[in-house]
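>>> this is a predicted model, with the sequence first.
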Amino acid sequence: MAAHADLGLQFKKRSPAEIFAELSSFAQDTSAGFDSYGTGPTLQGFETECAKLLGKESACFFLTGTQAQNAAIEAHQTQVKGVGLHPTSHIVHHTCLLNSKQQNDDFAVLARKHLPAGYSAVALGRIEEAPTFQDVKRCLEKGEVGVLVLEIPQRMNGGAVMSWSDLLQVREEATR
């Protein structure tokens with residue numbers, strides 16, 4: 001019998017009544033107000049606090065990571081509309097890789113569906129492993145990529161990460 005880890009053990013098991021009681025207590029203790037679509041005192045206060053901690057003028061909260069990633073792609077757009085993404089990118093695959101060959105084959109189709117309009121995906125590296133600096137360099141040398149997205153760790157690739165030395169080389173290459 002194969003050993004496995006119950007990842008749910010890291011979270012305290014609570015009933016819905018306990019969770020709602022905790023939320024009620026938080027709302028009363030903090031005078032939290034209702035927020036709707038990015039407006040409201042609680043969310044705006046959170047964004048202001050994050051901006052201050054990061055030494056920035058402002059910050060923006062996104063409900064999901066893929067929303068934030070697509071906003072970052074738009075913010076860093078160039079004339080070249082190619083986006084370098086690993087084949088397991090969460091932007092492309094919203095579900096776990098159940099059939100990696102099929103999802104690898106469908107990469108471009110799924111990417112067009114989930115990237116901002118007008119962008120195309122350029123596969124970065126091999127589906128079975130984390131990208132390397134050489135993968136990034138090859139991708140950039142082709143001139144097809146204006147924005148590079150690196151997800152670290154790779155959620156759908158068993159938490160794989162690019163080596164630290166490769167990551168430093170990518171930063172150097174990207175800032176030239």
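Right, received. Where do you want to start? Residues are numbered from 1 along each chain as shown.
>>> what's the pLDDT at Phe133?
In this model, Phe133 is scored at 94, pLDDT.
>>> could you report the neighbour count for it?
When counting by other C-beta atoms under 10 Å, one arrives at 18 neighbours for Phe133. The way it works is simple: take the backbone N, C-alpha and C, and place the C-beta from them, glycine included.
>>> could you measure from it over to Gly84?
Distance of Phe133 to Gly84, computed by C-beta to C-beta, to the nearest Å: 13 Å.
>>> again with His93
16 Å.
>>> those two: which has the busier surroundings?
Gly84 (24 against 21).
>>> and that one, what are its phi and psi?
phi -80, psi 120 (degrees, to the nearest 10).
>>> can you give me the helices in this protein?
Counting by DSSP state H, the chain has these helices, from start to end: 16-30, 41-54, 65-75, 100-105, 107-114, 133-141, 164-174.
>>> poorly predicted segments of this structure, please.
Under the criterion pLDDT under 70, the flagged ranges of the chain are 1-11, 94-105.
>>> what sits against the residue nearest to the spatial centre of it?
Computing the C-alpha centroid of the chain and ranking residues by C-alpha atoms, centre = their mean puts Gly65 first, at 4.5 Å. Gly65 makes contacts with His90, as judged by C-beta atoms under 8 Å, 6 or more residues apart in numbering.
>>> skipping adjacent residues, who's closest to Pro87 in space?
Leaving aside its sequence neighbours, Pro87 sits nearest to Ile127 (C-beta to C-beta, 6 or more residues apart in numbering; 4.1 Å).
>>> state the distance from the one you found to Phe62.
26 Å.
>>> on that earlier part again, columns distance to Pro153 on top of the helices of the chain, output as TSV?
Below are these laid out as TSV (distance: least, C-beta to C-beta, whole Å):
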stretch	distance to Pro153
helix 16-30	28
helix 41-54	22
helix 65-75	13
helix 100-105	17
helix 107-114	20
helix 133-141	16
helix 164-174	12
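>>> ok, back up a step: so Ile127 and Phe62 - more neighbours on which side?
Ile127 (16 against 13).
>>> I'd guessed the more buried one sits against Thr88; true?
Yes. In terms of C-beta atoms under 8 Å, Ile127 counts as a neighbour of Thr88; the distance is 6.1 Å.
>>> give me the contacts around stretch 38-47.
Stretch 38-47 is contacted by residues Thr30, Ala32, Gly33, Phe34, Asp35, Ser58, Ala59, Cys60, Phe61 when judged by C-beta under 8 Å, 6+ apart.
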